[in-house]
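**Q** Quick one, fold the following:
(2 chains, ligands or ions: 6)
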Protein chains: 2
Amino acid sequence: MSAADKQQAREKFQAVFSKISQECLQYLKDNEMPAEAVKWFDDNLQYNTPGGKLNRGMSVVDTYSILKGGKISEEEYERAAILGWCVELLQAYFLVADDMMDGSITRRGQPCWYRQPQIGNIAINDAFMLEAAIYHILKLHFKKDSYYVHLLELFHDVTFKTELGQLVDLITADEEKVDLDKFSLDKHHYIVVYKTAFYSFYLPVALAMFMAGLSDDSLHQNALDVLIPLGEYFQVQDDYLDAFGKPEQIGKIGTDIEDNKCSWCVCIALQLANAEQKKLLDDNYGRKNPDQANRIKTLYAELEIENKFKSYEKEAHDRIVSLIEKVDEKSGMRKEVYYAFLYKVFGRTK
Amino acid sequence: MSAADKQQAREKFQAVFSKISQECLQYLKDNEMPAEAVKWFDDNLQYNTPGGKLNRGMSVVDTYSILKGGKISEEEYERAAILGWCVELLQAYFLVADDMMDGSITRRGQPCWYRQPQIGNIAINDAFMLEAAIYHILKLHFKKDSYYVHLLELFHDVTFKTELGQLVDLITADEEKVDLDKFSLDKHHYIVVYKTAFYSFYLPVALAMFMAGLSDDSLHQNALDVLIPLGEYFQVQDDYLDAFGKPEQIGKIGTDIEDNKCSWCVCIALQLANAEQKKLLDDNYGRKNPDQANRIKTLYAELEIENKFKSYEKEAHDRIVSLIEKVDEKSGMRKEVYYAFLYKVFGRTK
Ligand SMILES: [Mg+2]
Ligand SMILES: [Mg+2]
Ligand SMILES: [Mg+2]
Ligand SMILES: [Mg+2]
Ligand SMILES: [Mg+2]
Ligand SMILES: [Mg+2]
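**A** Ligands and ions are numbered 1, 2, ... in the order given. Alright, predicted model coming up:
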């Protein structure tokens, strides 16, 4: 897809957000909410929902289109895009709250919502409202569909799982109290699968599958079998690039070491470290001091984390391809759905 | 009901919470969550969900029992109580967040959850998880029932409405920036109806109605017509008691004046005040100083707010009784459902 095509696809998708945000605001007006509160919610929606990469939301449309053999009507496009925006609303709900819990300063190149003047902790209720918008929109557009209750349960369950992952992350990687004994590859696996993979990888595909009439439990289990490892690989790569990617390549300066993140890199380092190297990790990880972060990076080089990543990457890629190859297309599922994700994830440099 | 009967009813209801909290924890264990995270969620559930008056939750059981003519099986009791606990979980979700947004210190005689050691802003995710527990429990126990989707939509809609009320409250009564021009009886009406009445009055009755097979839109509209004014009266009374109730009677010292609350009392005072009295309100309302609060109370006396409340109370009572008397019991709805609420609300002294 050319850059111009991509831009056009993005604009078409964005147009659907205008429609659903109007529908949300209409609900407030129908409930005779004071004008300043309507404006507040509008600002909340606009500030926090679009503006990201929109990969998750747009992949609902892409997946649905593949499942329908490439040709979908304008009406089908709009409905798939609405589901895509529900994924983006769910992400907005998580991110507004995550930034507060992490005490973050910026998000997508602008101040975090809670740091805007006059907002502060009201952002908690604003996050709640972003989530509430999902169910309002689903009811408006999907109430009459046979798979409506599947959509509701899917959002409920993925939301709960993401919150489980967030909880484990929050109590594992406390910025105030560095304790590397809390880190392990098992913990890392749990956090990334729950906090990221379910909502970023499985959710968009599952929504498109329901819309395309694929609601069998076994098909959804197959989708999880492929997409959860893919999501995990995505996050391992993200962790790897945070430590090893060049800033001009990844578009930011990695701070996982300084932020005491339970990154794949530090989990591998902990597995390989001897007593002396473990002490170096304990003494320098999770500190805001750049010299200490550099000591960690030197250790990563000594322990050849980069090579470990290359082998992990090859192993993960081959394992996922063999899972995809097992897909029985007679079921209605298409290998291409997964290859589209695989291509995006393994092809990315940032 | 004697005090001993009340205590027994409460204990029976509490026992159902043990069961559903175990079911929630089992979900975490089935998802192989680390033990310390399971314990964290258990603590969150136990600290924030029981411990209140449980009026909302228990009224689901009471209402269901009235609708079924007074005799219900143990199984029916348990199912109605489970719905009751979902109301209590919803309230817990709101209160954990509300305390953070208000910067409150204590709740139900103990420190607010977010003020417990090690918790802080993690309480945001903890609030999310209390909400997620509702849908997990509903799925476990009601998935096969014809009214399952009604339950889901009811929780979604009441949640959204409560958040609308919370938003208007938050942007109307800013403790940092007192501006009485933002207050009005209309605003007060909106806040109390949305922030309190839907989830405290309509939700428990609506849940019992669905369980009893009463799902007609018109019956639910009738329930709203009675219960929303009743909920509004309840909050006006709460506001009145905050200013005029004796501490030994209401079990706390009212601080609505100091906290810049958009109370019914100040809204009435603003309606009645001349220019000089308006200035006194502007200069003294919403300040932490007890002398200034006393000046407000003196003005309330001058303006005879107490008498205004007595007339409002009488008018509201009679209006609600006449709405109840219009109920057509052939529909399956019972006047007694509403009288039980009316009795509790108009009979209460705290
Ligand atoms: Mg963060
Ligand atoms: Mg975080
Ligand atoms: Mg990262
Ligand atoms: Mg409060
Ligand atoms: Mg509040
Ligand atoms: Mg009060």
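**Q** Give the closest residue to the residue most central in space within chain A in space, chain neighbours not counted.
**A** In chain A, the residue lying closest to the centroid (C-alpha atoms, centre = their mean) is residue A:200, at 4.0 Å. Using C-beta to C-beta, 6 or more residues apart in numbering or on different chains and skipping residues adjacent in sequence, the residue nearest residue A:200 is residue A:56, 5.5 Å away. Bear in mind the C-beta positions are built from the backbone N, C-alpha and C, glycine included.
**Q** again with residue A:210
**A** Once flanking residues are discounted, residue A:210 sits nearest to residue A:147: 4.3 Å by C-beta to C-beta, 6+ apart.
**Q** tell me the contacts of that neighbour?
**A** Neighbouring residues of residue A:147 by C-beta atoms under 8 Å, 6 or more residues apart in numbering or on different chains: A:210, A:211, A:213, A:215.
**Q** can you give me phi and psi for it?
**A** Residue A:147 has phi and psi values of phi -100, psi 10 when expressed as degrees, to the nearest 10.
**Q** what's the answer for residue A:107, then?
**A** Residue torsions, per degrees, to the nearest 10, at residue A:107 are phi -150, psi 130.
**Q** Can you tell me the closest non-neighbouring residue to it?
**A** That would be residue A:99: by C-beta to C-beta, 6+ apart, it lies 5.6 Å from residue A:107.
**Q** pLDDT score for that neighbour?
**A** Listed pLDDT for residue A:99 reads 95.
**Q** these two touch, right, it and residue A:113?
**A** Yes: between residue A:99 and residue A:113 there is a contact at 7.1 Å, judged by C-beta atoms under 8 Å.
**Q** Mind listing the shared neighbours of these two?
**A** Joint contacts of residue A:99 and residue A:113 (C-beta under 8 Å, 6+ apart) are residue A:107.
**Q** check contacts around the closest residue to ligand 1 within the stretch 251-350 of chain A.
**A** Of all residues in the stretch 251-350 of chain A, residue A:259 sits closest to ligand 1, at 8.6 Å by C-beta to the ion. Residue A:259 makes contact with A:173, A:175, A:286, according to C-beta under 8 Å, 6+ apart.
**Q** From ligand 3, how far off is the closest residue to the second one other than its chain neighbours?
**A** So that's residue A:175. Nearest in space to residue A:175, with sequence neighbours left out and distances taken as C-beta to C-beta, 6+ apart, is residue A:260 at 5.2 Å. According to C-beta to the ion, to the nearest Å, residue A:260 stands 13 Å off from ligand 3.
**Q** For residue A:260, which three-state class applies?
**A** Secondary structure, DSSP: H, G, I helix; E, B strand; the rest coil: residue A:260 is coil.
**Q** I'd assumed residue A:173 was in contact with it.
**A** Yes: assessed by C-beta under 8 Å, residue A:260 is found in contact with residue A:173 at 5.3 Å.
**Q** For the least confident helix or strand in chain A by mean pLDDT, list every residue counted as buried.
**A** Within chain A, no helix or strand scores below helix A:247-250, which has a mean of 79 by mean pLDDT, DSSP states H and E. Within helix A:247-250, the residues scored as buried using 16 or more other C-beta atoms under 10 Å in any protein chain shown are residue A:250.
**Q** One more: stretch A:32-47?
**A** Residues A:33, A:34, A:37, A:38, A:40, A:41, A:44, A:45, A:47 are the ones in stretch A:32-47 that count as buried (16+ other C-beta under 10 Å).
**Q** What residues does chain A have near ligand 3?
**A** Counting by C-beta under 5 Å from the ion, chain A comes close to ligand 3 at A:238, A:242.
**Q** from chain A, which residue is nearest to ligand 6?
**A** Here chain A gets closest to ligand 6 at one residue, residue A:125, 18.7 Å apart by C-beta to the ion.
**Q** got any ranges where the stretch 1-150 of chain A has weak pLDDT?
**A** Scanning the stretch 1-150 of chain A for pLDDT under 70 picks out nothing.
**Q** element containing the spatially closest residue to residue A:195 that is not a sequence neighbour, please.
**A** Among residues not flanking residue A:195 along the chain, residue A:165 sits closest, at 3.0 Å (C-beta to C-beta, 6+ apart). Using DSSP states H and E, residue A:165 falls within helix A:148-172.
**Q** Give me the angle between that helix and helix B:148-172.
**A** With axes from the mean of the first three to the mean of the last three C-alpha atoms, to 10 degrees as the basis, helix A:148-172 and helix B:148-172 are set at 50 degrees to each other.
**Q** Helix A:148-172: how far from the chain's middle?
**A** Centre-to-centre, helix A:148-172 and its host chain are 12 Å apart (C-alpha atoms, centre = their mean, to the nearest Å).
**Q** likewise stretch A:180-196?
**A** For stretch A:180-196, the distance to the chain centre is 16 Å (C-alpha atoms, centre = their mean).
**Q** Quote the end-to-end distance of it.
**A** 22 Å (C-alpha to C-alpha, to the nearest Å).
**Q** and chain A, what are its domains?
**A** As given by automatic domain parsing, the domain ranges for chain A are A:1-144, A:145-350.
**Q** Show the end-to-end separation of the shortest one, please.
**A** Its start and end residues considered, domain A:1-144 measures 35 Å (C-alpha to C-alpha).
**Q** rewinding a little: what about residue A:99 and residue A:113, which has more around it?
**A** residue A:113 (24 against 21; other C-beta atoms under 10 Å in any protein chain shown).
**Q** From what I see, that one and residue A:104 are in contact.
**A** No: at 10.3 Å, residue A:113 and residue A:104 do not qualify as touching, with contact defined as C-beta under 8 Å.
**Q** mind checking pLDDT for residue A:176?
**A** Residue A:176 carries a pLDDT value of 78.
**Q** Off-centre distance for stretch A:280-295?
**A** Its chain's average C-alpha position is 28 Å from that of stretch A:280-295, according to C-alpha atoms, centre = their mean.
**Q** And stretch A:272-289, by the same measure?
**A** In terms of C-alpha atoms, centre = their mean, the centre of stretch A:272-289 is set 29 Å apart from its chain centre.
**Q** Please state the mean pLDDT value computed over that stretch.
**A** 96.
**Q** could you pull out the strands for chain A?
**A** For chain A, the strands defined by DSSP state E cover A:106-107, A:110-111.
**Q** if we look at the first one, which residues are touching it?
**A** Outside of strand A:106-107, the residues within contact range by C-beta under 8 Å, 6+ apart are A:95, A:99, A:112, A:113.
**Q** Who does it pair with, and is each partner parallel or antiparallel?
**A** Looking at strand A:106-107 with DSSP bridges, its partner strands are strand A:110-111 (antiparallel).
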